[in-house]
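S.K.: Please find the sequence and the predicted model below.
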Amino acid sequence: RYWRGWSSDVCYSDLIEYAIHLPEVIMNLLVHAFTLLSIGIGSTVVRADAILVPPGGDIQSAIDSLGDGDTVQLQAGTYLPTSTIRTNGKAITIVGVVDGQGRPLSVIDGQRNIQIIRCGAGDGPDTVFRNLEIRASDANAPGLLNIGASPTIENCAFERCAPGMRNTQGSRPDVSGCRFFDNSNGGNGGGMHNIEGSAPNVTSCVFLENLSGNAGGGISNEGSSPTIRNSIFAENRAFTGGAGLHNEESDPFIEGCVFVRHAAGLDVGGVTNRNSAPTIVDCVFHQNDTPGVVNISSNPTITDCTFSENFGPSTRGGGMENWFSDPVVRNCVFVENRADAFGGAVKNFRGAPEFIDCTFTGNTANYVGGAVFIELGSSSTFNDCTFRDNSAEEGGGLYLFESSPTLTNCTLSGNTATQSGGGVYSDASFLTLNG
């Protein structure tokens, strides 16, 4: 379904309805994330030194008149600043109000004319933005720009900005309970763009229907290593890499996240890693019309993840693609992924991917490699893995082409091929079987 955003005509139940057909594990994550968004940050405490700014009032003047520890309190309504709001290194709180479901009612609208909020090197964790909707920045400017800054951002919505947030020069903001919806950027990073050694801490956030003209529809990391936990990436788009999340020479830590319903493009995955070594733990990749994860010259560690019902169009692998990469994939489940041609669950091209204690069940390829397709010099290894009920025209379990994989203590059962090689089909390859 296609949303209208976080306006009054959409409530949190819409997200639950949207997810009603997803696996239970995803449903639980959605409920958990939105419970975090709805409690603990809905009430506002105004300090003694505070200025109440009515809708249409001058937020910058209020900031300029206050000192450290003070509060700018906004009301329900829309604020239309004519120039960028700057906190100027002050440890102040700018806080809006919320409705009964925790959604911000205080809107700062740039009207597509300005870069809306800017924080600099003096803005640390005590510079706080809470319960705000930051909307419609200039077409070439982010809603919130951090330059060597580390503010705290809680329960804020970023909508129709370019991108929603950009973090530069080693910025380390703490971003929690925020929504990034319908942001777009002609370059990298539709929802959030992290560059120049930045390392934001992103927790319990939602990235929905953001667009990048290049890579990273939800988030793009370039030379940056954020921590991203318990967040949802859904229906974001990019053209050349990482529809949900793109990592370029970056080593983020990603835990407990969901990547769902992202679209295909050149080198696009739900997550794309290029020359990167991220750590990905306990994540779900579901119903992406592109591989869940694409690794290009990358060495990620992927643990306790689920890849389900993803689709690899054309010559793409279904659940995961590895190009010149050496990922370590441990205790992961690949179930009911599909590929037009090669590798219903996984496609390996060169490199030495390692799969440990993984399960491949019910994956299909219309041509070869129902579960796994290995080609052209890849020395993939599989230890204590199970291949069950996968199917293809040839190589229902695995198809090997000019490669040298090793299978140790693996179980293959119920795999089928309409032509040949129900379990394994080997073409000009050397297969080592142990155990």
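M.R.: Here it is on my side, so go on. Numbers count the residues shown, from 1 in each chain.

S.K.: Thr381 reaches Gly351, doesn't it?
M.R.: No - using Cβ atoms under 8 Å, Thr381 is not in contact with Gly351; the gap is 11.1 Å. Where C-beta positions appear, they are placed from N, C-alpha and C, glycine not excepted.

S.K.: higher neighbour count, the two?
M.R.: Gly351 (22 against 18; other Cβ atoms under 10 Å).

S.K.: What count of nearby residues applies to Asp49?
M.R.: A count of nearby residues for Asp49, using other Cβ under 10 Å, gives 12.

S.K.: what's the closest non-adjacent residue to it?
M.R.: Leaving aside its chain neighbours, Asp49 sits nearest to Asp70 (4.3 Å; criterion: Cβ to Cβ, 6 or more residues apart in numbering).

S.K.: How about the contacts made by that neighbour?
M.R.: Neighbouring residues of Asp70 by Cβ atoms under 8 Å, 6 or more residues apart in numbering: Arg47, Asp49, Ala50, Ile51, Lys90, Ile92, Thr93.

S.K.: that's a helix at Gln60, yeah?
M.R.: Yes - the assignment for Gln60 is a helix, going by DSSP: H, G, I helix; E, B strand; the rest coil.

S.K.: quick one, phi/psi of the nearest residue to Ile134 once chain neighbours are set aside?
M.R.: Distances taken as Cβ to Cβ, 6+ apart place Gly143 nearest to Ile134, at 4.2 Å, with adjacent residues excluded. The phi/psi pair for Gly143 (degrees, to the nearest 10) reads phi -70, psi -40.

S.K.: Also the one 3 residues further on?
M.R.: Comment: the main-chain dihedrals of Asn146 come out as phi -110, psi 120, following degrees, to the nearest 10.

S.K.: Offset the numbering so it begins at 17, please.
M.R.: Let's use 17 as the start, then, which means that last one is Asn162.

S.K.: Next one: it from Val191, what distance?
M.R.: 10 Å (Cβ to Cβ, to the nearest Å).

S.K.: Mutual contacts of these two, please.
M.R.: What both Asn162 and Val191 touch, as defined by Cβ under 8 Å, 6+ apart, is the set Met181.

S.K.: how far away is Glu352 from Gln303?
M.R.: Going from Glu352 to Gln303 by Cβ to Cβ gives 10 Å.

S.K.: what touches both of these two?
M.R.: Ser324, Glu325.

S.K.: Point out where the chain drops to low pLDDT.
M.R.: In the prediction, the chain carries residues with pLDDT under 70 at positions 17-64.

S.K.: Please repeat the previous calculation with a cut-off of 80.
M.R.: Counting by pLDDT under 80, the chain contains low-confidence ranges at 17-64, 280-283.

S.K.: Give the pairing partners of whichever helix or strand Ile296 is part of; include direction for each.
M.R.: Using DSSP states H and E, the element containing Ile296 is strand 295-297. Partners of strand 295-297 in the sheet, by DSSP bridges, are strand 269-271 (parallel), strand 317-319 (parallel).

S.K.: For the next helix or strand along the chain from the last one, which outside residues touch it?
M.R.: Which is strand 317-319. Note on strand 317-319: by DSSP H and E, the next helix or strand toward the C-terminus is strand 322-324. By Cβ under 8 Å, 6+ apart, the residues outside strand 322-324 that reach it are 39, 41, 299-303, 308-309, 334-336, 348-353, 361.

S.K.: among those residues, which ones are buried?
M.R.: Among the contacts of strand 322-324, those that count as buried by neighbour count (16 or more other Cβ atoms under 10 Å) are 39, 299-303, 308-309, 334-336, 348-353, 361.
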